[in-house]
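**Q** missing the sequence, but the structure's below:
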């Protein structure tokens, strides 16, 4: 509601008509569902009609002279904000729930402000003001009301937006800041509890093996993950929580960084929602619970956005390199920051990052660029088999692991052009999008050539989390009621459903729910280690010599057995029988295996002919080994006894030299 007082009654109290026009235009441009109504006395109707015509919006109309005082009060009760000069409507409105923005000039708000907690006053307080009062019969010699002209449209616009949006936030579905903080803390506590209860996944034990083999870098990842695991294990020892402790602390710090970035670029509430979404979204919940290179990557990615830590991000995982094109695009596209391209600081930062990355380069030089070749060259040169199928799998996977945010984001896309067009917000949106688009676009295109794992896109959504709440806020103000209701209940259903699902999942992964199959991702590996240990001890007793364990898959079985089996027994992967086993290929055995017996373990029946090339004898009897938990069978593995290991470059050991056993 606007009350411009278009008549000639006390023109000194009138805010310039041009200011009202600009205010109305900016409000209708920002909020697509907002309507502006002009009110006033019948004598002001002609001026109000001219004002509506000058504003030029279909959502702006005049009620001037068309209502009684009673009807005007009813309209005030239905409206959200009234902007008025110092006049009667400001005091009438105090009887209703409307927010009142009053513009004072020749009179003082100390005496004439509307007595309501919903009153918001603008008064420049010039030396000549107030100049109108009952003491001088409201007469003044002033011919130029500078006190009203100096009230800036920007200030009034910001105040109207603030109170208007605050009223929208007072609905029953709104979570207070305290509830947001409490929900974030509870989700992190659930993650911490799950980290201490759930057994390590094979991939986590693989990275634990990194920490057991200190090096400048590793075959498939830089060394940061090994340092994080070593720090946690140093504090709590060899257990699931000890291995994951460093990652949990980094996840907690990442939550704080997201809050800080949201508060810096938008407001405190945007930061709180970013922190909550980081704890809630399935992709981040799972990969914040597990210890993988993605955990330090996320932390140092966010730290790079807040400060400068590109070198540490590169030491975490190679996709950190996407921070470079994102930063370059941001500096290039923003006129205010373009000057940094000709200054020395960005290039010094790149040089420092390269120095931090030196250990990885040295390792690759020593090992014939194996890691770079595996992660870059080998993946990029893969020939696509089913491009459309691979692309579809990527899109569906991303929708699943980021639900409900990605789906809601797609529904809110129509609101983005309007919000991006606002000059005061453009830099903030640009920051959020440019630090997401390069990596997400690359993964989208790469999915046409090869499969893309769900976690590869983790850094790409981080800055979008910062923009999630502001985007939803603009969507609320610029969408129809039905569409808004669909998105709201869609989001609320997920917000209350996901924590329940997480609790059920944690229970199932620790105790298992009868009748529901246990997924081998994290369940049963400790039991496998115990079962294989019993088989190995029986083999040692029967054969009379030490046995080493041999995992025959790519690397998972050997990694899990090395963590969960008896420390007195060596564990090796299939690289000792002539097959590639990722980082295991670069870890030399601490003992000479020649002549040792081995218990080979695989998820499928082993290929005996392949084993016979490396052992004097291989038992024909392949045993199907059940993995049990609380009397229930979780799954089966296959074990086979192998006698007398032969090095590929060594003379075969004679059968007479071996002590064979059954």
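**A** Here it is on my side, so go on. Everything quoted here is computed from the prediction, not taken from an experiment.
**Q** mind listing the strands for this protein?
**A** Using DSSP state E, the strands assigned to the chain run over residues 2-3, 36-38, 60-62, 81-85, 99-104, 119-123, 547-551, 571-572, 597-602, 615-618, 623-629, 632-645.
**Q** Using neighbour counts, pick out the buried residues of the last one.
**A** Counting neighbours by 16 or more other C-beta atoms under 10 Å, one finds that the buried residues in strand 632-645 are 634-635, 637-645. C-betas here are computed from N, CA, C, even on glycine.
**Q** What strands flank it, and is each parallel or antiparallel?
**A** When sheet partners are counted by DSSP bridges, strand 632-645 sits next to strand 597-602 (antiparallel), strand 615-618 (antiparallel), strand 623-629 (antiparallel).
**Q** Nearest to residue 94 among those strands would be which one?
**A** For the strands paired with strand 632-645, proximity to residue 94 was assessed by C-beta to C-beta; strand 623-629 is nearest, at 68.9 Å.
**Q** how long is stretch 52-63 from one end to the other?
**A** Using C-alpha to C-alpha, to the nearest Å, one end of stretch 52-63 lies 11 Å from the other.
**Q** quick one: buried residues of that stretch?
**A** Neighbour counts over stretch 52-63 (16+ other C-beta under 10 Å) mark 52, 55, 60-63 as buried.
**Q** Stretch 499-508 now?
**A** 499, 502, 505-506, 508.
**Q** How about stretch 42-50?
**A** Result for stretch 42-50 [16+ other C-beta under 10 Å]: buried residues 44-45, 47-49.
**Q** wait, which of those is closest to residue 320?
**A** When the buried residues of stretch 42-50 are compared against residue 320 (criterion: C-beta to C-beta), the nearest one is residue 48, at 59.0 Å.
**Q** Look up the closest residue to the closest one, ignoring the ones flanking it.
**A** residue 64 (3.9 Å; C-beta to C-beta, 6 or more residues apart in numbering).
**Q** separation between the one you found and residue 249?
**A** Applying C-beta to C-beta, to the nearest Å, the value for residue 64 to residue 249 is 63 Å.
**Q** that older thread, just the closest of the buried residues of stretch 42-50 to residue 590, please.
**A** Set against residue 590, the nearest of these by C-beta to C-beta is residue 48 (89.8 Å).
**Q** How about the contacts made by the closest one?
**A** 4, 6, 38, 40, 62, 64 (C-beta atoms under 8 Å, 6 or more residues apart in numbering).
**Q** One more pass at 10 Å, please.
**A** Residue 48 makes contact with 2-7, 37-41, 61-65 under the criterion C-beta atoms under 10 Å, 6 or more residues apart in numbering.
**Q** Quick one: neighbours of the residue lying closest to residue 527 once chain neighbours are set aside, just the number.
**A** Of all residues not flanking residue 527 in the chain, residue 627 sits nearest, at 4.9 Å (C-beta to C-beta, 6+ apart). Using other C-beta atoms under 10 Å, residue 627 is surrounded by 22 other residues.
**Q** shouldn't residue 627 be in contact with residue 532?
**A** Yes: Residue 627 is within contact range of residue 532, at 9.4 Å (criterion: C-beta atoms under 10 Å).
**Q** what's the overlap in contacts for the two?
**A** Residues touching both residue 627 and residue 532 (C-beta under 10 Å, 6+ apart): residue 637.
**Q** returning to what we had before: can you lay out the strands of the chain as TSV showing distance to residue 22 and mean pLDDT?
**A** Listed next are these as TSV, based on distance: least, C-beta to C-beta, whole Å; pLDDT from 0 to 100:
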stretch	distance to residue 22	mean pLDDT
strand 2-3	12	88
strand 36-38	12	92
strand 60-62	13	91
strand 81-85	12	90
strand 99-104	14	88
strand 119-123	15	86
strand 547-551	72	92
strand 571-572	74	92
strand 597-602	74	93
strand 615-618	86	92
strand 623-629	70	87
strand 632-645	69	89
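**Q** need those in TSV with distance to residue 350, can you?
**A** Supplementary listing: those in TSV, determined by distance: least, C-beta to C-beta, whole Å:
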stretch	distance to residue 350
strand 2-3	53
strand 36-38	51
strand 60-62	52
strand 81-85	49
strand 99-104	49
strand 119-123	48
strand 547-551	41
strand 571-572	41
strand 597-602	46
strand 615-618	52
strand 623-629	50
strand 632-645	48
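**Q** Any idea which helix or strand in the protein has the lowest mean pLDDT?
**A** helix 416-421 (a mean of 50; mean pLDDT, DSSP states H and E).
**Q** for the chain, which spans come out with low pLDDT?
**A** Within the chain, the segments meeting pLDDT under 70 span 6-10, 133-141, 168-175, 378, 380-384, 404-426, 474-484, 517-521, 649-662.
**Q** ok, now how distant is the residue nearest to the spatial centre of it from residue 128?
**A** The centroid of the chain falls nearest to residue 462 when counting by C-alpha atoms, centre = their mean (3.7 Å). Using C-beta to C-beta, residue 462 is found at 54 Å from residue 128.
**Q** now the helices for the stretch 351-500 of the chain?
**A** Here the stretch 351-500 of the chain has its helices, by DSSP state H, counting those that start in this stretch, at 358-366, 370-372, 378-380, 387-401, 405-411, 416-421, 423-434, 437-446, 462-477, 481-510.
**Q** Give me whichever of those is most buried.
**A** Mean neighbours per residue, mean count of other C-beta atoms under 10 Å, is largest over the helices of the stretch 351-500 of the chain for helix 462-477, with a mean of 22.
**Q** and that one with helix 437-446, angle?
**A** On the basis of axes from the mean of the first three to the mean of the last three C-alpha atoms, to 10 degrees, helix 462-477 is oriented at 100 degrees to helix 437-446.
**Q** Report the angle between helix 462-477 and helix 481-510.
**A** 140 degrees.
**Q** Let me know the distance separating residue 547 from residue 598.
**A** Residue 547 sits 6 Å away from residue 598, going by C-beta to C-beta.
**Q** Overlap in contacts, those two.
**A** Common contact partners of residue 547 and residue 598 (C-beta under 10 Å, 6+ apart): 536, 539, 570, 641-643.
**Q** So which of residue 64 and residue 249 has more stuff around it?
**A** The neighbour comparison of residue 64 against residue 249 (other C-beta under 10 Å) goes to residue 64, with 25 against 15.
**Q** contacting residues for the more buried one?
**A** So residue 64 contacts 3-4, 6-7, 37-49, 51-52 (C-beta under 10 Å, 6+ apart).
**Q** got it, and residue 524?
**A** Contacts were defined as C-beta under 10 Å, 6+ apart; by that measure residue 524 touches 199, 509, 512, 518, 531, 560, 627-629, 633-635, 637.
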